[in-house]
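Enquirer: Sequence first, then the predicted structure:
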Amino acid sequence: MGKETAPARTEPTLLAKVEENSKAVFRFFRQFIVTVLHAAFSPAQFAIQLRDETNQDTFVGPYTFISLSGFAVVKLLRWMIIVGLILLSGIFRGCSMDTPQKIVEPTMASLLVLPSIDELLFIGIPLIAGILALSWLLRATLTKAAPALQPTFVTATCYSIGFQYLLCLPALAVAFWMAFGNAMGTVPEALRLSVLSLVAIVLVAWPAYCFHCLIDRQEISENPRFRTRALHKAMMWVGALLLCCSTLVLALGLAWPLATAEYNAKYDPKPILHAARIDADDKGKLHPSMEIPLSVSNATDESLQFTLDKAEVIDTDGTSYDARITAGKSLAGHIFSLGPRERGWIVLTVADPNRNFHISSREHIAVILRSIGRNGEREPIEATVK
C-alpha cells in the first residue's frame, strides 16, 4: 500500500477572510437600512413580518438597533452641548481679566470616532435600562395584565425609539443651524419658529405612529384598563406620544453630564497664570513707588518665560501702572522662568515719580506679564491677583 496523502488544508486564506468579513459588514448595513425603511414607511407590514420567525434575519435585532441609534444621537447631543458651552464661554470671557489657555475646539470628525468601552457602559446600559423601564410603565398603564416586560412591547419600543433617535440626527442639525443663523441675524424669526415647531412635531408624532402600529393591540384589548373603546384608543395614542417625549428627555439626560464633564476636562478656558499676594500689607499711605510680592504659578503643561522690565499693575478702577520684576525665584539674566505646573514668586516694583498712588491689599488687582514666545515675540498674559 502506498503512503496516505495528507488531507488538504482547509484553513481560509487571508483574502477569503477579508471577503467573508466584508460580506458580513455589508449584510449588517443592508439589514439596518431595511429595518429603518420598514419602521419609517410601513410599520404595519413591519409588525406582521416581525411575528414571522422566517424573517428574523431580514432585520437588525431590536437591542442592536436601539443601541446604535441611541449612541449616535447621544454623541451628537454631546458635541452640540460642548460647542454651545464653548460659544457661551467666549461671550462671557470678557467678564474675566485672566488670559485663557488655548483650546482645540471639537470637530465634526470627532463624531466618527468609534466608541470606547467606557462610553458603551455609560451610554448603552442606562439607555436600554431607561427604555425598558418606560416600556414596562406604559404597558402597566394601558392594561390590567400582570406587570412584565412583554416581548411585543419591548420590540415595538426599541424599534420605534431607535427610529426616533435616527430622526434626531438631521433634526438636531437643522435646529443647530436655525439657532446659529438666528444668532447671526440671517434667519427670519417666523421661519425659525415654523421650522423648529415642525421638527418637534415630526420627532414625536412619527415615532409614536410607528409604535402604535408595532404593538400587539390584541394583547392590550384583552385586558383593557379603560372601559370605552374610544377612551382606550385615545389613551394608547397619548401613551405613545408621552413615551416619545420621555425618550428624548432620556437622551438629553445622558448627554448633558457627559458633555459637561468633557467640557470641564478639555475645553474649559482655564487661566494661563495664577497670582496671589504673599504679604498683604496695607498701611493706608500714598507712595511714589511700592513693591508687591506675588506668588505665581504656571497652569499649563509648557514652560513660560517672562521679561523683567515690561510689566503692568491694573487697579480696580482700571488705572494701569508700569512695573518691573525686581526679584523672584528662577531669575536668569533678564528672564523669569516657570516650568510646567511650577509655582514661584516674584516682586513687582511699581514706580512713577510723577504721581503718588496706593493699591489697597483689600482690592483685587490684576497684573500683566510679558511672555516670550518661541520666535521671540512678546505676548501679554494677564492674571487676577487673589
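Expert: Right, received. Where do you want to start?

Enquirer: Can you list the residue ranges for helices in the stretch 251-386 of the chain?
Expert: Applying DSSP state H, counting those that start in this stretch to the stretch 251-386 of the chain gives no helices.

Enquirer: Poorly predicted segments of it, please.
Expert: 279-289, 330, 352-364 (pLDDT under 70).

Enquirer: can you rerun that using 50?
Expert: Low-confidence segments of the stretch 251-386 of the chain, defined by pLDDT under 50: 282-286.

Enquirer: helices or strands next to whichever strand or helix holds Met80 in the packing?
Expert: If you go by DSSP states H and E, Met80 is part of helix 62-92. Other elements packing on helix 62-92 under the criterion 3 or more C-beta pairs under 8 Å, 6 or more residues apart in numbering; DSSP states H and E are helix 14-41, helix 125-142, helix 151-184, helix 229-262. Yep, even glycine has a C-beta here, placed from its N, CA and C like the rest.

Enquirer: The second one vs helix 151-184, what angle?
Expert: The directions of helix 125-142 and helix 151-184 differ by 120 degrees, with axes from the mean of the first three to the mean of the last three C-alpha atoms, to 10 degrees as the criterion.

Enquirer: for helix 125-142, the distance to its chain's centre please.
Expert: Chain-centre distance of helix 125-142: 25 Å, with C-alpha atoms, centre = their mean, to the nearest Å.

Enquirer: Go through the helices and strands packed on helix 62-92 and pick out the most buried.
Expert: Among the helices and strands packed on helix 62-92, helix 151-184 has the highest mean neighbour count (mean count of other C-beta atoms under 10 Å), at a mean of 19.

Enquirer: quick one on the thing from earlier: tell me which residues of the helix holding Met80 are tucked away?
Expert: 62-83, 85-86, 89 (16 or more other C-beta atoms under 10 Å).

Enquirer: what's the angle between it and helix 229-262?
Expert: Going by the same axes, to 10 degrees, helix 62-92 makes 50 degrees with helix 229-262.

Enquirer: Distance from the chain centre to helix 62-92, please.
Expert: So, by C-alpha atoms, centre = their mean, the centroid of helix 62-92 is 5 Å from its chain's centroid.

Enquirer: Buried residues in the helix or strand following it, which are they?
Expert: Beyond helix 62-92 on the C-terminal side, the first helix or strand identified by DSSP H and E is helix 117-119. The neighbour-count check on helix 117-119 (16+ other C-beta under 10 Å) flags Glu119 as buried.

Enquirer: Can you list the low-confidence ranges for the stretch 1-150 of the chain?
Expert: Those would be 1, 8, if you go by pLDDT under 50 across the stretch 1-150 of the chain.

Enquirer: tell me the domain boundaries of the chain?
Expert: Domain ranges of the chain: 61-267, 273-384, per automatic domain parsing.

Enquirer: Serialize those domains to CSV and add fields for distance to Lys23.
Expert: Shown next, in CSV, are those (distance: least, C-beta to C-beta, whole Å):
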stretch, distance to Lys23
domain 61-267, 18
domain 273-384, 47
